[in-house]
Each structure stands twice: as structure tokens, then as C-alpha cells.
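Trainee: Give me a 3D structure for the following:
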Amino acid sequence: MKRPGPLLTLLAGLVLGVFMLSLNATTGTKNASTYQEESPAASVSPSGPPTTSSPSPSPSPTRSAVPNADYAGRTDDDSSAIAVSLRGGKAIAYFCDGHDKESWLKGDVKDDGTMKLTGSHGDQLTGTLQDGKRIRGTAEVGGQKYGFTADKAVKPSGLYRATATVRGAKVDGGWIVLPGGKQVGVVKRNGTPSAAPVIDPETGAVTIDGQKIVARPVTP
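Mentor: Numbers count the residues shown, from 1 in each chain. Sure thing, here's the model as predicted:
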């Protein structure tokens with residue numbers, strides 16, 4: 001029998017080489033694939049944890065430099081009374097002679113204490129708050145001008161108003177309670193003015209044409 005020759009030995013070596021080459025190729029592909037799959041999970045973002053921006057604080061509401069208060073006084077000719085109520089940089093004023101002339105006025109108050117209030121029929125009031133103790137100014141009502149001084153009022157002094165229907169008539173009344181307790185007011189019945197009856201400044205109660213109603217403090 002003949003022994004295998006060199007050709008068989010060479011063929012066996014070639015088969016073994018092809019097998020090893022295939023094994024290495026498969027192992028290399030698997031390792032590369034494993035690296036690509038695991039690589040993202042192992043990576044860490046250089047930017048670190050996300051940051052949250054804090055919202056900007058809302059600006060605080062501005063407040064008027066003029067303190068809230070009520071003022072009441074008389075015109076320089078002593079013919080009429082004026083009351084002014086200040087709240088939050090706004091003002092409402094009432095002028096009346098206690099007989100048949102009256103006017104409601106309103107507007108803004110500047111930080112320096114000056115004001116220009118307007119009413120119906122072209123009525124207006126200009127004034128200046130002086131040291132928080134009084135308002136000095138001029139009221140133009142019904143085509144006439146009146147200088148006035150209104151001192152700071154302490155309740156029950158101040159400005160009051162009542163609206164109601166009494167015996168079928170629409171009633172609208174305004175009262176100024178002056179420092180010292182004296183009252184000046186006008187009541188309109190269906191638009192016709194007349195002197196107002198006295199109110200109880202502690203409760204605001206007032207009787208008009210036999211019916212009791214309540215006058216309340218007026219603020220802007």
C-alpha cells in the first residue's frame with residue numbers, strides 16, 4: 001500500500017487554514033458588533049445633568065406715594081363744602097352747597113400730591129395735597145370758581161352717598177360730614193335737588209320721605 005504523499009499533507013493544511021480563517025472572521029465581526037451595541041450605553045454626556053432655568057420674579061405692583069385718606073372742608077367764601085377721598089392714586093370728590101348745587105368729580109392723583117378731577121357739565125377740581133394734612137385747591141362748578149381747603153378727616157367725618165327708590169322716586173343723596181360734626185348735603189329726587197336730611201354718621205341711616213335708607217362712605 002502506498003503512503004499518503006505530500007499532496008495529501010498540503011490539502012489537509014489548506015483545509016485547516018480555511019477553517020481557522022473563517023473562525024477568526026466570525027469572532028471579529030461579533031466583537032465589533034458587541035462593541036458598537038455597548039458603546040452608546042457606556043458613553044456619558046459631557047454636558048452633565050440638565051439645568052432648569054428659574055423663572056424671573058414678577059415685578060411688584062407699584063403703589064402710589066400718596067397715602068389713602070379722606071379730606072373735608074369748606075370753600076373760601078364759606079358758601080359750600082368739599083370732600084375728597086383718596087385711594088390707591090385715585091380720587092373722588094363731592095362739592096355741594098347744601099341747597100341745590102352739587103357736583104361729583106373724579107380722577108388720578110400724581111405722586112407729588114397734585115390732582116385734576118373732572119365731573120359733568122365741564123366741572124373740575126384742581127388741588128394739591130400739602131404734607132398729607134390738607135388739600136388746597138380750586139373747584140369750578142356751574143361756571144363759578146371756588147377756592148377751598150379740605151383738612152384730613154377722621155371718621156365719622158368724610159364723604160357719604162345713598163341711592164334708592166323711595167315712593168316711586170329715584171333718590172340720590174350726597175353728604176359731607178365736616179370735622180366737628182356739621183353736615184352739608186343735597187338729595188335729588190328724580191333729578192330735582194333739595195337740602196338733604198341729617199344722617200347718622202355712625203350707621204349712615206337716614207330717613208327720606210318717611211323711608212329709612214343707608215348712606216355709605218364713598219371711596220374711588
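
Trainee: what helix or strand is the nearest residue to Trp175 once chain neighbours are set aside on?
Mentor: Sequence neighbours aside, Gly185 is the residue nearest to Trp175 in space, at 3.7 Å (criterion: Cβ to Cβ, 6 or more residues apart in numbering). Backbone N, C-alpha and C define where each C-beta goes, glycine included. For Gly185, the host element (DSSP states H and E) is strand 183-189.

Trainee: Remind me what that strand packs against, helices and strands.
Mentor: Contacts defined by 3 or more Cβ pairs under 8 Å, 6 or more residues apart in numbering; DSSP states H and E place strand 183-189 against strand 90-96, strand 169-177, strand 192-195.

Trainee: Pairing partners for that strand, with directions?
Mentor: Taking DSSP bridges as the criterion, strand 183-189 sits next to strand 169-177 (antiparallel), strand 192-195 (antiparallel) in its sheet.

Trainee: Just name the most buried of those strands.
Mentor: strand 169-177 (a mean of 22; mean count of other Cβ atoms under 10 Å).

Trainee: could you give me the average pLDDT of it?
Mentor: The average pLDDT within strand 169-177 is 97.

Trainee: Reformat the helices and strands packed on strand 183-189 as CSV; add distance to Lys152.
Mentor: Putting those into CSV (distance: least, Cβ to Cβ, whole Å) gives the following:
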stretch, distance to Lys152
strand 90-96, 14
strand 169-177, 13
strand 192-195, 26
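
Trainee: So, low pLDDT: which residues of the chain?
Mentor: 1-64 (pLDDT under 70).

Trainee: And the helices in it?
Mentor: With helices called from DSSP state H, the chain shows them at 6-42.

Trainee: before we move on, back to that, can you give me the angle the strand holding Gly185 makes with strand 90-96?
Mentor: 80 degrees (axes from the mean of the first three to the mean of the last three Cα atoms, to 10 degrees).

Trainee: Lys152 touches Arg134, doesn't it?
Mentor: Yes - using Cβ atoms under 8 Å, Lys152 is in contact with Arg134, at 6.5 Å.

Trainee: Identify the contacts common to those two.
Mentor: Tyr71 (Cβ atoms under 8 Å, 6 or more residues apart in numbering).

Trainee: before we move on, the earlier item: TSV for the strands paired with strand 183-189, including distance to Asp97?
Mentor: Shown next, in TSV, are these (distance: least, Cβ to Cβ, whole Å):
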stretch	distance to Asp97
strand 169-177	11
strand 192-195	9
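
Trainee: quick revisit: show me how far the strand holding Gly185 is from its chain's centre.
Mentor: How far strand 183-189 lies from its chain's middle: 34 Å, per Cα atoms, centre = their mean, to the nearest Å.
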